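Colleague: Provided below for reference: sequence and predicted model.
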Amino acid sequence: MSEQIFYPNPEFAKDARIPSMEAYWELQNRAIEDYEGFWKGFADDKIDWLEPYDTILDESNAPFYKWFSNGKLNVSNQCIDRHLADKADQNAIIFEGDNGDVKHITYSQLSEHVNKMANLLKNKFGVKKGDRVVLYMPMIPEATYAMLACSRIGAIHSIVFGGFSADALRDRIEDAEAKIVITADGAFRKGKPYMLKNVVDDALESGCESIEAVLVVKRNHEEIKWVEGRDYSYNELIDAESTECPFEPMDSEDPLFLLYTSGSTGKPKGVQHSTAGYILWAQMTMEWVFDLRKDDVFWCTADIGWITGHTYIVYGPLSAGGTTVMFEGVPTYPDAGRAWKMVQEHNITQFYTAPTLIRLLHKVGEDEPEKYDLSTLRVLGTVGEPIDPPAWKWYYEAIGKSRCSIVDTYWQTETGGHVISPLPGATPIKPACATFALPGIIAEVMEEDGTPTPVGEKGFMCITRPWPSMIRTIWNDPERFKKSYFGDCKKDGEPVYFTGDGAMVDKDGYITITGRTDDVLNVSGHRIGTAEIESAIKHVSSVAVSAVVGKPHEIKGEEVFAYIVLKEEGLSADEVKAEINSVIKKEIGAIALCDEVVIVPDVPKTRSGKIMRRILRSIAKGEEITQDTSTLEDPSIVPTIEKIVNSRG
Ligand code: PRX
């Protein structure tokens, strides 16, 4: 299976934007030979410049790179206004609610909603260029309006995924010093209402001095607490606003948004993205990787709280003038055929999801795809974690009917858009392989000193030239930005961007991502730092030491496995697990709960006190310990832990 190669469907390839590997290499060689000229060509073609830029790439203050310096543009113009001449009546968004209610929002309607919301933020709440606006929203169209309204007036949005707890929300609001929070009473999931506003209330009660107002969208109409003078109803205020709000000319390098993500310390990083470089690559990857066309209906199942939702529900599809689907519910409700029913009903042409969901739908609804007409699908995509060959095969055969290319897109919050991915009309695909760097991305698998890693061996996945949509800095922490991404690998003596992932190149030059080299987990496609979980566990009074590692999981990709040393004996693993999980739920949210908790007398440490996680990972996976344990403070702890883990049954 892994040796098999799947060629693009010739019918599809003949009209594809990049129709062959020759066309791919022609583009990539152009980038290699004239890097700045390559990017200039696309920037001039795709961006509606309000004022021209004077420098293509400014590397004078590396790694704080600047692209298209001093140019002026506006992202909501890129995504809305410039399309109105020929797409006013085309659907911009197709929204499907949990209960199946459907709303079509045309580009002209989107324009009205966004302009009104921009006016509301500006006039009522005094939101100005550069102010931070936190969104804690469900998957409803108003979330998109809010993002685009911010970009229209130059405010910087910071979306916090609705699965994060009040404490996590508070920390993100405080780090960004946000002025306003936009939320909803709640929404619906699996036929039942769930609540969000109460989480905002709790966050604000425990801090968030900078917040002046909370704007609340009514979605599920459940009763909520209301703080007079702080809370405002979007539904009551919005109609008084005008549908015309001039967009703010923004500098190419003005921040478009912040998005907090996990790193190897306990504190999340506020990844800062730029205006011009980000939107350029969002549009280009939509056109190249998904081959988006005028009449296409594109569905990305991510939540807008993650980078995938930012780039491939909102900014990519809309800047490319496409139709994007937004879904409030879950694809297994009311049954495991929901996603395929939606493909049929909305004539979806590109379907983009995470391997976790494919594995789940395969397991719980293997025969469901047969019940629906999936013939409109042209491209299938996956993102967020490595996809295993059996899931790939089911996706290819049962969903794509062996007709659609699967683009296994590798990228990160920090890269803004795809960086390594097949091109659906060009790349001969090896299943479960991200294949080649996209044109314009100079990606290399290397050793720390820049020497290329030999074929078939694991090395560091680096991007050795700055690219337009890359992270610009970590909000409030430029030193951490340098250290996190430009500290590990060098080429020709100069630091280069290291993704934090390992990768392997095969004899044909195909790149396979082998997973994180740091202590970051990927649970159901959600990125979580083990240090974050451990710092939450510190709040459990009975715990002396914790060490969290990832363990492979059939559906979730990875599960959270915690080794715990207690201060005193007496509690059972189940009791400790319940205590730990209630703290994690409060500090981070339900996405980071521990699946397995094992009580151990100690953890393996070096003589300098560093926990040897690699050994703990191997034990959790049931692997043989191949590491040298002689340097440990107490080597006998390894067989003791192995025995405890293996005896759990
Ligand atoms: O480890 C890689 C994995 O997800 C990480 C990025 O997570 P996040 O910033 O949350 O963004 C997820 C969506 C872009 C990466 O460092 N990852 C992402 N895509 C793939 C992947 N691992 C293997 N294959 C992929 N296609």
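Modeller: Now that the structure is in, tell me what you want to look at.

Colleague: Next one: the residue lying closest to residue 579 once chain neighbours are set aside, what pLDDT does it get?
Modeller: Spatial nearest neighbour of residue 579, chain neighbours left out: residue 540 (5.3 Å); criterion: CB to CB, 6 or more residues apart in numbering. From N, CA and C alone the C-beta is placed, and that goes for glycine too. Listed pLDDT for residue 540 reads 96.

Colleague: Check whether residue 540 really touches residue 583, as I assumed.
Modeller: Yes: the pair residue 540 and residue 583 qualifies as a contact (CB atoms under 8 Å) at a distance of 5.3 Å.

Colleague: what kind of secondary structure is residue 57 in?
Modeller: With DSSP: H, G, I helix; E, B strand; the rest coil as the basis, residue 57 sits in strand.

Colleague: Looks like it contacts residue 67 (just checking).
Modeller: Yes: the criterion here is CB under 8 Å, and residue 57 meets it with residue 67 at 5.8 Å.

Colleague: which residues are contacting the one helix or strand residue 581 maps to?
Modeller: Taking DSSP states H and E as the definition, residue 581 sits inside helix 573-587. Residues from elsewhere that reach helix 573-587 (CB atoms under 8 Å, 6 or more residues apart in numbering): 165-168, 533, 535-537, 539-540, 542-543, 546, 562, 564, 566, 571, 592-594, 597-599.

Colleague: buried stuff in it?
Modeller: For helix 573-587, a neighbour-count test (16 or more other CB atoms under 10 Å) marks 576-577, 579-581, 583-585, 587 as buried.

Colleague: Quickly find the element holding residue 426.
Modeller: Counting by DSSP H and E, residue 426 is part of no helix or strand.

Colleague: which non-adjacent residue is nearest the residue nearest the centre of the chain?
Modeller: The centroid of the chain falls nearest to residue 307 when counting by CA atoms, centre = their mean (3.1 Å). Distances taken as CB to CB, 6+ apart place residue 413 nearest to residue 307, at 4.2 Å, with adjacent residues excluded.

Colleague: Next one, pLDDT for that neighbour please.
Modeller: 98.

Colleague: From residue 499, how far off is residue 127?
Modeller: To residue 499, residue 127 is 34 Å away according to CB to CB, to the nearest Å.

Colleague: quick one on the thing from earlier: just checking, the residue nearest to the centre of the chain touches residue 412?
Modeller: Yes: judged on CB under 8 Å, residue 307 makes contact with residue 412 at a distance of 7.3 Å.

Colleague: which residues in the stretch 301-450 of the chain form helices?
Modeller: For the stretch 301-450 of the chain, applying DSSP state H, counting those that start in this stretch gives helices covering 307-309, 316-319, 338-346, 355-364, 389-394.

Colleague: Report the mean per-residue pLDDT for the first one.
Modeller: Translated: helix 307-309. Per-residue scores along helix 307-309 average to 98.

Colleague: Establish whether that helix and the ligand are in contact.
Modeller: Yes: judged by CB under 6 Å from any ligand atom, helix 307-309 comes into contact with the ligand through 307-308.

Colleague: Who are the packing partners of that helix?
Modeller: Under the contact criterion of 3 or more CB pairs under 8 Å, 6 or more residues apart in numbering; DSSP states H and E, helix 307-309 touches no helix or strand at all.

Colleague: shift numbering so it begins at 33
Modeller: Done: numbering now begins at 33, and the last item shifts to helix 339-341.

Colleague: which outside residues touch it?
Modeller: In contact with helix 339-341 (CB under 8 Å, 6+ apart) are residues 191, 291, 293, 332, 334-335, 384, 415-416, 443-445, 448.

Colleague: What is the most widely separated pair among those?
Modeller: Spatial extent of the contacts of helix 339-341 (CB to CB) is set by the pair 293 and 384 at 19.5 Å.

Colleague: out of the two, which sits in the busier spot?
Modeller: Neighbours per residue, other CB atoms under 10 Å: of residue 293 and residue 384, the larger number sits with residue 384, 23 against 20.

Colleague: That one contacts residue 332, doesn't it?
Modeller: Yes: assessed by CB under 8 Å, residue 384 is found in contact with residue 332 at 4.3 Å.

Colleague: what residues are shared contacts of the two?
Modeller: Counting by CB under 8 Å, 6+ apart, the residues touching both residue 384 and residue 332 are 340, 344, 413.

Colleague: Show me which of these are buried.
Modeller: Counted by 16+ other CB under 10 Å, the shared contacts of residue 384 and residue 332 give 340, 344, 413 as buried.

Colleague: is it true that the last one touches residue 323?
Modeller: So that's residue 413. No: using CB under 8 Å, residue 413 and residue 323 do not qualify as a contacting pair, with a distance of 10.9 Å.

Colleague: the helices in the stretch 483-632 of the chain, which residues?
Modeller: According to DSSP H, counting those that start in this stretch, the helices that the stretch 483-632 of the chain contains are 510-518, 562-569, 605-619.

Colleague: With mean pLDDT and distance to residue 498 as extra columns, can I get these in JSON lines?
Modeller: What follows is the helices of the stretch 483-632 of the chain, written out as JSON lines (pLDDT from 0 to 100; distance: least, CB to CB, whole Å):
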{"stretch": "helix 510-518", "mean pLDDT": "97", "distance to residue 498": "10"}
{"stretch": "helix 562-569", "mean pLDDT": "95", "distance to residue 498": "28"}
{"stretch": "helix 605-619", "mean pLDDT": "96", "distance to residue 498": "35"}
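
Colleague: Next, format those as TSV and append distance to residue 233.
Modeller: Conversion of the helices of the stretch 483-632 of the chain to TSV gives the following (distance: least, CB to CB, whole Å):
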stretch	distance to residue 233
helix 510-518	31
helix 562-569	21
helix 605-619	15
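
Colleague: These: which one's closest to the ligand?
Modeller: helix 510-518 (11.4 Å; CB to the nearest ligand atom).

Colleague: which residues sit against that closest one?
Modeller: Contacts for helix 510-518 (CB under 8 Å, 6+ apart): 95-96, 295-296, 301, 446, 503, 505-506, 527-530.

Colleague: Would you show me how to pick out the buried ones of those residues in PyMOL?
Modeller: Applying 16+ other CB under 10 Å to these leaves a buried subset, and the PyMOL line that selects it is:
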select buried, resi 95+295+296+301+446+503+505+506+527+528+529+530
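
Colleague: what's the lowest-pLDDT member of the contacts of helix 510-518?
Modeller: Scoring those by pLDDT puts residue 296 last, at 82.

Colleague: what's that one in contact with, if anything?
Modeller: 516, 550-552, 561, 563.

Colleague: element containing it?
Modeller: Using DSSP H and E, no helix or strand contains residue 296.

Colleague: give me phi/psi at it?
Modeller: phi -90, psi 0 (degrees, to the nearest 10).

Colleague: Residue 582 contacts residue 556, doesn't it?
Modeller: No: the pair residue 582 / residue 556 is not scored as a contact, 11.8 Å apart, by CB under 8 Å.

Colleague: ok, the two, which is more surrounded?
Modeller: Using other CB under 10 Å, the more surrounded residue of residue 582 and residue 556 is residue 582, with 24 against 20.

Colleague: so residue 302 sits in a helix?
Modeller: No: according to three-state DSSP, residue 302 belongs to no helix; its state is strand.

Colleague: if I look at residue 485, how far off is residue 522?
Modeller: With CB to CB as the criterion, residue 485 and residue 522 are 14 Å apart.

Colleague: now residue 237
Modeller: From residue 237 to residue 522 the distance is 47 Å (CB to CB).

Colleague: Between those two, tell me which one has more neighbours.
Modeller: residue 522 (18 against 11).

Colleague: What residues does that one make contact with?
Modeller: Residue 522 touches 480-482, 528, counting by CB under 8 Å, 6+ apart.

Colleague: So what sits opposite it in the bridge?
Modeller: For residue 522, the beta-bridge assignment (DSSP bridges) gives partners residue 527.

Colleague: And for residue 367, the neighbour number?
Modeller: The burial count for residue 367: 12, using other CB under 10 Å.

Colleague: which ones are touching it?
Modeller: 397, 400 are the contacts of residue 367 under CB under 8 Å, 6+ apart.

Colleague: cool, the one 5 residues further on as well?
Modeller: With contacts defined as CB under 8 Å, 6+ apart, residue 372 is in contact with 400-401, 403-404, 406, 431.
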